[in-house]
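Visitor: Could you look at this predicted model? Sequence included:
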Amino acid sequence: VAVVGSSRPKPLPADTEARISEFADLVATAIAAATTRADLIASRARIVAAADDARRRIERDLHDGAQQRLVSLGLRLRMAEDVVPGELDELRKELSDVVSGLNQVGQELQEISRGIHPAILSRGGVAPALKALARRSAVPVTLDVAIERRLPDAVEITVYYVVAEALANAAKHAQASEVTVHARVTEAQLELSICDDGVGGVDPSKGSGLIGLKDRVEVIGGQLRITSTPEAGTSLRISIPLPC
Ligand SMILES: Nc1ncnc2c1ncn2[C@@H]1O[C@H](COP(=O)(O)OP(=O)(O)O)[C@@H](O)[C@H]1O
Ligand SMILES: [Mg+2]
């Protein structure tokens, strides 16, 4: 509602109503744009959260279902192997091969479910999950992580995926000999950096990893900055606001 008046005794100019009406149109457009933007930010956040929930569910189903079944089938086969009579050597060998095969499938499944959603993150939070990533990294990693408390789910998942992608990139593209990961929380935000000493030359438009990370970080109100030069290698710096 716009109420327009004047303290002057003279009547308002003749075009006043038309000009105010144009001005009102402008204001309406600005309000609509702001609302659309807010809706867009909220729906982006919902999409990321829904995808994360689905991944967490799949990981849990795999762990509690298929993986447990495989383990118990393996145990039963081992027991069967033990009672095979001595003269049936070939059968025993065959059973033993099947058990090894089952164990391998179990490990592959574990790798897959780790990629879908890292169980260690749900259990222990950021610090142990980053340790696990560092241990598995092809390039040696120096970790400096000062995060003692649990953070919101979306923040923990984001940190994990950012570090996982940065370490994968360092191994795949950078020819780096070392990666350093710093992470700390202050009162108001989380600060994370991942720096390699490789050849530089990042170009997010050439792949999907870094663009996806930027989406993830921005959805939760954070910022991702990338610097990448042949002299200094590649650094990702992320800051994410934390709820008080
Ligand atoms: N740490 C790095 N060092 C050098 N080049 C990199 C590094 N990370 C990424 N790049 C380059 O930037 C591109 C985009 O990276 P990314 O979005 O992760 O895509 P992807 O890893 O799937 O190729 C890569 O294809 C690669 O050329
Ligand atoms: Mg990548």
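Guide: Sure, I can see it. Numbers count the residues shown, from 1 in each chain. Ligands and ions are numbered 1, 2, ... in the order given.

Visitor: Show me what residue of this protein gets nearest to ligand 2.
Guide: Ligand 2 sits closest to residue 209 of the chain, with a gap of 3.0 Å, by C-beta to the ion. Just so you know, the C-beta spots here come from the backbone N, C-alpha and C atoms, and that holds for glycine as well.

Visitor: Show the backbone phi and psi for the nearest residue to that residue once chain neighbours are set aside.
Guide: The shortest distance from residue 209 to any non-neighbouring residue, by C-beta to C-beta, 6 or more residues apart in numbering, is to residue 165 (4.7 Å). Dihedral pair for residue 165: phi -70, psi -40, per degrees, to the nearest 10.

Visitor: show me what contacts residue 165?
Guide: Residues in contact with residue 165 (C-beta atoms under 8 Å, 6 or more residues apart in numbering) are 209-210, 212-213.

Visitor: can you give me the strands for this structure?
Guide: Taking DSSP state E, the strands of the chain run over residues 141-146, 179-185, 189-196, 223-229, 233-241.

Visitor: pull the CA atoms of stretch 187-206 into CSV?
Guide: Extracted in CSV, the C-alpha atoms of stretch 187-206 (Å, rounded to 0.1, in the frame of the first residue of the first chain):
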residue,chain,number,x,y,z
GLU,A,187,33.0,-18.7,17.1
ALA,A,188,31.2,-17.8,14.0
GLN,A,189,32.7,-19.8,11.1
LEU,A,190,34.6,-22.7,9.9
GLU,A,191,37.8,-22.1,7.9
LEU,A,192,39.3,-24.7,5.7
SER,A,193,42.2,-24.7,3.3
ILE,A,194,43.7,-27.3,1.1
CYS,A,195,47.0,-26.4,-0.6
ASP,A,196,49.1,-28.5,-2.9
ASP,A,197,52.6,-27.8,-4.2
GLY,A,198,51.8,-28.9,-7.8
VAL,A,199,51.7,-27.4,-11.2
GLY,A,200,48.7,-25.2,-10.9
GLY,A,201,46.4,-24.4,-13.8
VAL,A,202,43.0,-25.2,-12.3
ASP,A,203,40.1,-24.7,-14.7
PRO,A,204,36.7,-25.5,-13.1
SER,A,205,35.0,-25.4,-16.5
LYS,A,206,37.0,-28.5,-17.5
